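> give me a model of this one.
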Amino acid sequence: MKLVTVEAVVASSDLADVISLFSEHAADVLNMKGCQRYALFCNPSGEGIAVLQQWESMAYFDDYRASSTFARLGQGLLPLMKAPPVTTVAEVDTV
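Residues are numbered from 1 along each chain as shown. Next up, the predicted model:
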């Protein structure tokens, strides 16, 4: 399975908007085929977020990245980011 983390720096003044955008779309992502986990975490400083995602395969993650949900999230989030997001993809097994 694929474990994907996306980290982004956002201003603390924009954090509520970021949380709202994720909350608005999280159920849609979780209902996508192959999605096993999709969770938002906030940096304790209040100036960053991390999204933890778990997908059955890279193909399912690629389907998500090609979706209108991903496009809408990006449209709302990119203007709030202070730098490009950092994405890490790892192949993992459940222990």
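
> which helix or which strand is home to the residue most central in space within the chain?
In the chain, the residue lying closest to the centroid (CA atoms, centre = their mean) is Val51, at 4.1 Å. Taking DSSP states H and E as the definition, one finds Val51 inside strand 48-55.

> hmm, Met32 and Ala26 touching each other?
No. Counting by CB atoms under 8 Å, Ala26 stays clear of Met32, with 10.9 Å between them. (Each C-beta comes from the backbone N, C-alpha and C, glycine too.)

> how about Val92, what does it touch?
Counting by CB atoms under 8 Å, 6 or more residues apart in numbering, Val92 touches 1-3.

> repeat that for Lys2.
So, once contact is read as CB under 8 Å, 6+ apart, Lys2 ends up touching 53-58, 60-61, 89-92.

> what bridges to the spatially closest residue to it that is not a sequence neighbour?
The shortest distance from Lys2 to any non-neighbouring residue, by CB to CB, 6 or more residues apart in numbering, is to Trp55 (4.5 Å). Per DSSP bridges, residues listed as beta-bridge partners of Trp55: Lys2, Cys35.

> over to Thr87?
Beta-bridge partners of Thr87, counted by DSSP bridges, are Val6.

> and what of Val10?
When bridges are called by DSSP bridges, Val10 pairs up with Met81.

> what about it, how many neighbours?
Residue crowding around Val10 was assessed by other CB atoms under 10 Å; the count is 22.

> with the one 10 residues further on instead?
Counted with other CB under 10 Å, the neighbours of Ser20 add up to 11.

> in the host helix or strand of it, what counts as buried?
Following DSSP H and E, one finds Ser20 within helix 15-30. Neighbour counts over helix 15-30 (16 or more other CB atoms under 10 Å) mark 15, 18, 21-22, 25-26, 28-29 as buried.

> quick one: which two of these are the most distant?
Taking CB to CB as the measure, the buried residues of helix 15-30 reach their widest spread between Leu15 and Asp28, a distance of 21.4 Å.

> returning to that earlier point: in a markdown table, list the buried residues of helix 15-30 along with distance to Gly74 and pLDDT.
Formatted as a markdown table, the entries for the buried residues of helix 15-30 read as follows, by distance: CB to CB, whole Å; pLDDT from 0 to 100:
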| residue | distance to Gly74 | pLDDT |
| --- | --- | --- |
| Leu15 | 18 | 92 |
| Val18 | 12 | 93 |
| Leu21 | 10 | 94 |
| Phe22 | 12 | 92 |
| His25 | 11 | 94 |
| Ala26 | 15 | 95 |
| Asp28 | 14 | 96 |
| Val29 | 13 | 97 |
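
> thanks a lot, catch you later.
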